[in-house]
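In: Coordinates for the following, if possible.
(2 chains)
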Amino acid sequence: MRLPRFSLPQFSPTFYGLGLVLVVLAIIAPALPILSLRFLTNLLIYTALAYSINLITGLTGYVSFGHVVFMGAGGYALGYGASAFNLPPLAGVALGGAAGLVLALGIGIVTLRFRGVYFAISSLVTALAALQIVLVTPVLNDGRGIGLDVEKVGYPARSWFYTIWLIVSAAVVVTYFATHGRIGYGIRAIKSDEDAARALGIDATRLKLYVFMLSGLFAGASGAVFVWSTFGVYPTVVFDLTFSLFMLAMIIVGGMGTNVGPFLGAVIVYVSYWYALTVPSLLGLAFAAIGVIVILVALLIPEGIVGTMRRHFPGLRRILE
Amino acid sequence: MSVRVVAADVHKSFGGVHAVRGLSLDLEEGRVVGLIGPNGSGKTTFLGVLSGALKPTSGTVTIDGRRIDRLSADKVVRRGIARTHQIPRPFPEMTVRENVGVAAMFGGQHRDPQDALKEANRVLSLVGLEASADRSAGVLTAQERKRLEFARAIATRAKVLLLDEIFAGLSPDELRAAIGLFQKLQQELGFGALIVEHVMRAVFALSDRVVVIDEGRKIAEGTPLDVVRDSAVIEAYLGVDEAHAPP
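Out: Modelled structure (predicted):
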């Protein structure tokens, strides 16, 4: 008698590894003390942001300096939804993702025509402009921010955690599909030589716009969770370019365009930052610490951790990506 | 019915520079047209317009009667016109097989990556690059890159290929082999081609018709033999004195 054949879907070891880590986190989360859960939530917010910027900057090479604009848009969507329509937080997170996606569509149609440094500058300008616009928009409280009703929000540490966990998981899955199969080949070709890619029939305009929209979706949703877990949205916080720099630092350290790089980068950068904040003698030097890490990585291992390991250990190439 | 590409009165200016000034040209599946002219005469610009990489300032390009001159390059490929670049532009991070596979996946009819890579193997053996299939495209020699560029264009299954100086820089023996290979492939696959060349031996061996341009204008058109006897052509290439000198 033949046994029915049972096979796992053909995903890469890296994908299963990441999946395992995420599942373990989800299982142990309820048992964690509240402050550890809070720490993990923050870490996952940064992880989701790193996956978000990785989709556009890591995969296509378009450096999105103003990526924080999507996070801010998502944060404001949640804050405005809660104050104006009494929207529950989860609906606010969905609205935040939608806001990020739509904003990326609008911005991307224009700025993705620019290459190299011109794209980087135009993206920086959109973030600065967004801040100025919010500061003078009456329905958004003229830039005074929107506080959430603390009594209504409560302190749902587990809801925060599982919401951002879900967003990170979705980002990991989307990254996998954007780096494999037909779409993966198309995106790699665009990153390598966009004009040559077009000459072989790749609709670069559309493909770039799609990954940019997905990128906006994840940044927007993460921004909404950030606002939800910090009880309010304030323009100088959610449009702070420091977030953009953090996201870039994370994928530079971890390895641009890879599947596991954003995760590794987020852990290393966020943990170092958090550690630097707790050491009195390093007070005020937390950002400098991140700067030093990024400079060292750029000098010594410019392809990030994942890229460098793949280069030096060819045996890892099939399993690490 | 064979595919026909018609360019009519194409102009292309960059600011004040008129690179192409009213060129018309017919290309047909199964036929090879040579496009020659001195350096800077507008050959590559014209090829850019035909391939969709550049938009003409005025004039039209049609394929079987349908306008393609406002389409983006990727759509032009899917309508059946593929180009090679004078300086080959492989994706150096990919293997040779993947380079060709991408062309089959997006330009050709093999949407599934596994099918496309199989098709790539077939195309690579056609052009004699099968031994390099697993090598990184970044380490190829200049001549291998040219072959890869050609292989990618073939893999799109385009009916008309625009080939920019694929015979340049070959030794006499290599040139003979390359011309033989081209003839064999062209008969087997039946594509039409516009070959932009400085290597006259290739142009004369392969072209059914030759078009000569100078300063963006057509100055002669005909069989290869007609063209070499044309005084305007000799003048453009060699200067006025030679053309009017007694034989």
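In: use CA for all of it now, contacts and neighbours both
Out: Fine.
In: Let me know whether whichever strand or helix holds B:Lys146 sits next to chain A.
Out: Taking DSSP states H and E as the definition, B:Lys146 sits inside helix B:142-155. Yes. Using C-alpha under 8 Å from any C-alpha of the partner chain, helix B:142-155 reaches chain A at B:Arg152, B:Ala153.
In: Where does chain A get nearest to chain B, which residue?
Out: Nearest to chain B, among the residues of chain A, is A:Gly201, at 3.9 Å (C-alpha to the nearest C-alpha).
In: What is the neighbour count of the closest residue to that residue other than its chain neighbours?
Out: Nearest residue to A:Gly201 in three dimensions, chain neighbours excluded: B:Asp74, at 3.9 Å (C-alpha to C-alpha, 6 or more residues apart in numbering or on different chains). Using other C-alpha atoms under 10 Å in any protein chain shown, B:Asp74 has 26 neighbouring residues.
In: Any figure for the gap between the closest residue to B:Ser132 other than its chain neighbours and B:Leu117?
Out: Spatial nearest neighbour of B:Ser132, excluding adjacent residues (C-alpha to C-alpha, 6+ apart): B:Val96 at 6.7 Å. The gap separating B:Val96 from B:Leu117 is 10 Å, by C-alpha to C-alpha, to the nearest Å.
In: Looking at the two now, which is surrounded by more residues?
Out: Neighbours were tallied for B:Val96 and for B:Leu117 using other C-alpha under 10 Å; the higher tally belongs to B:Val96 (31 against 21).
In: Would you confirm that that one contacts B:Ala131?
Out: No. Counting by C-alpha atoms under 8 Å, B:Ala131 is not a contact partner of B:Val96; they are 9.8 Å apart.
In: Can you check the distance spanned by stretch A:273-288, start to finish?
Out: Per C-alpha to C-alpha, stretch A:273-288 runs 9 Å from first to last residue.
In: returning to that earlier point: contacts only, for the residue nearest to A:Gly201.
Out: Taking C-alpha atoms under 8 Å, 6 or more residues apart in numbering or on different chains as the contact definition, B:Asp74 lies against A:Arg198, A:Ala199, A:Leu200, A:Gly201, A:Ile202, A:Asp203, B:Gly52, B:Gly107.
In: Name the helix or strand for it, please.
Out: Here B:Asp74 is assigned to helix B:73-79, by DSSP H and E.
In: where along chain B do the strands fall?
Out: Taking DSSP state E as the criterion, chain B carries its strands at B:4-14, B:17-28, B:32-36, B:58-63, B:66-67, B:81-83, B:160-164, B:192-196, B:209-214, B:217-222.
In: what's the fourth one packed up against?
Out: Contact analysis of strand B:58-63 by 3 or more C-alpha pairs under 8 Å, 6 or more residues apart in numbering or on different chains; DSSP states H and E lists strand B:4-14 as its packing neighbours.
In: residues touching A:Val93, list them.
Out: A:Val93 neighbours (C-alpha under 8 Å, 6+ apart): A:Gly74, A:Leu78, A:Gly220, A:Ala221, A:Ser222, A:Ala224, A:Val225.
In: Pick out the most distant pair among those.
Out: Farthest apart among the contacts of A:Val93 by C-alpha to C-alpha are A:Leu78 and A:Ser222. That separation is 10.7 Å.
In: ok, and the helix or strand in the chain with the lowest average confidence?
Out: No chain specified, so I'll use chain A. helix A:286-300 (a mean of 84; mean pLDDT, DSSP states H and E).
In: oops, chain B please
Out: helix B:240-244 (a mean of 53).
In: re the thing from before, who's more crowded, A:Leu78 and A:Ser222?
Out: More crowded of A:Leu78 and A:Ser222, by other C-alpha under 10 Å: A:Leu78, with 36 against 33.
In: In contact with the residue nearest to that one when sequence neighbours are not counted, which residues?
Out: Leaving aside its chain neighbours, A:Leu78 sits nearest to A:Gly92 (4.2 Å; criterion: C-alpha to C-alpha, 6+ apart). By C-alpha under 8 Å, 6+ apart, A:Gly92 lies in contact with A:Ala77, A:Leu78, A:Gly79, A:Gly81, A:Ala82, A:Ala224.
In: now do A:Ser169
Out: A:Gly19, A:Leu22.
In: just so I know, which of the strands of chain B lies nearest B:Gly101?
Out: strand B:81-83 (14.9 Å).
In: what distance separates that closest one from the middle of the whole chain?
Out: From the chain centre to the centre of strand B:81-83 is a distance of 7 Å (C-alpha atoms, centre = their mean, to the nearest Å).
In: So is it next to chain A?
Out: Yes. Residues of strand B:81-83 contacting chain A under C-alpha under 8 Å from any C-alpha: B:Ala82, B:Arg83.
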